[in-house]
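Trainee: Let me see the structure of the following:
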Amino acid sequence: MSGHDIIVIGASAGGVEALRTLVHALPAHFPASVFVVLHISARKPSALPTILSHAGPLPAQHPTNNTLIERERIYVAPPDCHLLVKVGQCICQGYRGSSSHEVSLLAYGREDDQKENEEEGLEKI
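Mentor: Got it, this is the predicted structure:
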């Protein structure tokens, strides 16, 4: 995938219905990738990819390390994971000292993390 054809959405635990409504409105041939970060407990598995896949035409999934990014897909950050984008692929990193309940969208918690991730070609989602 070339360029930065991505949309990043963050929501708190109460935002599932809004996400379903949004996903329902997306066309089947949406020309971008959608990344979703939801404020949920890290101790329970998330059914959000299944919920979003049933709500609209785009398939949703929890990416794993090195999952290739494709248009017409929804990538949901797994519980207890920072979801990063690196030149066409997803990287999932465990939290490094930050709260597992935070929603972090294209922002860095510490300047050191930002420099380290920039050197590795990563963008935090």
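
Trainee: Please count neighbours and contacts with C-alpha atoms only from this point.
Mentor: OK.

Trainee: what number of residues lie near the residue lying closest to residue 11 once chain neighbours are set aside?
Mentor: Distances taken as Cα to Cα, 6 or more residues apart in numbering put residue 38 closest to residue 11, at 5.0 Å, once the chain neighbours are dropped. The burial count assigned to residue 38 is 24, neighbours taken as other Cα atoms under 10 Å.

Trainee: same check, this time on residue 93
Mentor: Counted with other Cα under 10 Å, residue 93 comes out at 15.

Trainee: my guess is it meets residue 78, correct?
Mentor: No - if you go by Cα atoms under 8 Å, residue 93 and residue 78 don't touch, sitting 9.9 Å apart.

Trainee: buried stuff in stretch 22-42?
Mentor: Across stretch 22-42, burial judged by 16 or more other Cα atoms under 10 Å covers 23, 24, 32, 33, 34, 35, 36, 37, 38, 39, 40.

Trainee: What residue, apart from its backbone neighbours, is nearest residue 24 spatially?
Mentor: Take residue 24 and drop its neighbours on the chain: the residue closest to it by Cα to Cα, 6+ apart is residue 56, 4.1 Å away.

Trainee: wait, the one you found sits on residue 26?
Mentor: Yes - counting by Cα under 8 Å, residue 56 touches residue 26, with 7.0 Å between them.

Trainee: for the protein, what spans make up the strands?
Mentor: 6-11, 33-38, 60-61, 67-68, 73-76, 82-86, 89-93, 122-124 (DSSP state E).

Trainee: ranking those strands by mean pLDDT, which is last?
Mentor: Of all the strands of the chain, strand 122-124 carries the lowest average pLDDT, namely a mean of 57.
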